[in-house]
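Participant: Whatever this is, show me its structure:
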Amino acid sequence: MADISDQAFELIVKKEEPTLVPPESETEKGLYYLSNLDQNIAVIVRTMYCFKSDSKGNEEAAEVIKKALSKILVHYYPFAGKLTISTEGKLIIDCTGDGAMFVEAEANCEMEKIGDTTKPDPKTLGNLVHDIPGAKNILEIPLLTVQVRVSKNFHAFFPL
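Facilitator: Numbering: from 1, shown residues only. Here you go, the predicted structure:
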């Protein structure tokens, strides 16, 4: 049976302004053609990864993840581009090298209070994963968005 205090709990997430994290070095430019499977299953996947801080704390978590993201975008350069439609009407990626969206956030609780993060309820996931306000379709959403939530004992990042 749930504690009454848990029933009244409201998750509040304060998010900083989104920024673009560019690849660490120059990447290949041009068009990246998606497979036929990608054409038929163009969906947004929301995932959440959590890890416990070590004894050093997590003051540098956001910067460490930003730096790692910048390095990995060199090798996975399509994620630094934009989804668009080809002249044939198919989804393609325009490899612009612009970068991936990054959001730093802070919640009003520790991760333990959120509960089972392997099966988060849609409302909680909606609060923890950054949405693009006003996006009308998948073409208006970045290929990769990373939101990092920092607290005393846990780090969590939420790639979209």
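Participant: Going by C-alpha atoms from here, please, whenever you check contacts or count neighbours.
Facilitator: Fine.
Participant: mind listing what's buried in stretch 110-121?
Facilitator: Of all the residues in stretch 110-121, those buried under the rule 16 or more other CA atoms under 10 Å are 111, 114.
Participant: quick one, helices of this structure?
Facilitator: Shown for the chain, the helices assigned by DSSP state H span residues 4-7, 36-40, 61-75, 111-114, 122-128.
Participant: helices or strands next to the longest one in the packing?
Facilitator: Right, helix 61-75. strand 19-21, strand 145-150 (3 or more CA pairs under 8 Å, 6 or more residues apart in numbering; DSSP states H and E).
Participant: Just send those strands back as TSV, with distance to Asn40 and mean pLDDT too.
Facilitator: Written out in TSV, the entries for the helices and strands packed on helix 61-75 read as follows (distance: least, CA to CA, whole Å; pLDDT from 0 to 100):
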stretch	distance to Asn40	mean pLDDT
strand 19-21	28	94
strand 145-150	22	77
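Participant: Tabulate those (TSV), appending distance to Asp131.
Facilitator: Formatted as TSV, the helices and strands packed on helix 61-75 follow (distance: least, CA to CA, whole Å):
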stretch	distance to Asp131
strand 19-21	13
strand 145-150	9
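Participant: sorry, back to before: quick one: closest of the helices of the chain to Ile92.
Facilitator: Comparing these by their distance to Ile92 (CA to CA), the top pick is helix 36-40, with 8.8 Å.
Participant: thinking again about what came up before, point out the most buried one among the helices and strands packed on helix 61-75.
Facilitator: The highest mean neighbour count among the helices and strands packed on helix 61-75, using mean count of other CA atoms under 10 Å, belongs to strand 145-150: a mean of 25.
Participant: Ser86 is nearest to which of the helices of the chain?
Facilitator: helix 36-40 (11.6 Å).
Participant: residues in contact with the closest one?
Facilitator: Helix 36-40 is contacted from outside by 90-91, using CA atoms under 8 Å, 6 or more residues apart in numbering.
Participant: Pull up the pairing partners for the strand ranked longest in the chain, direction included.
Facilitator: Of all the segments assigned as strand in the chain under DSSP state E, the longest by residue count is strand 100-107. Using DSSP bridges, the neighbouring strands of strand 100-107 in the sheet come out as strand 13-15 (antiparallel), strand 19-21 (antiparallel), strand 145-150 (parallel).
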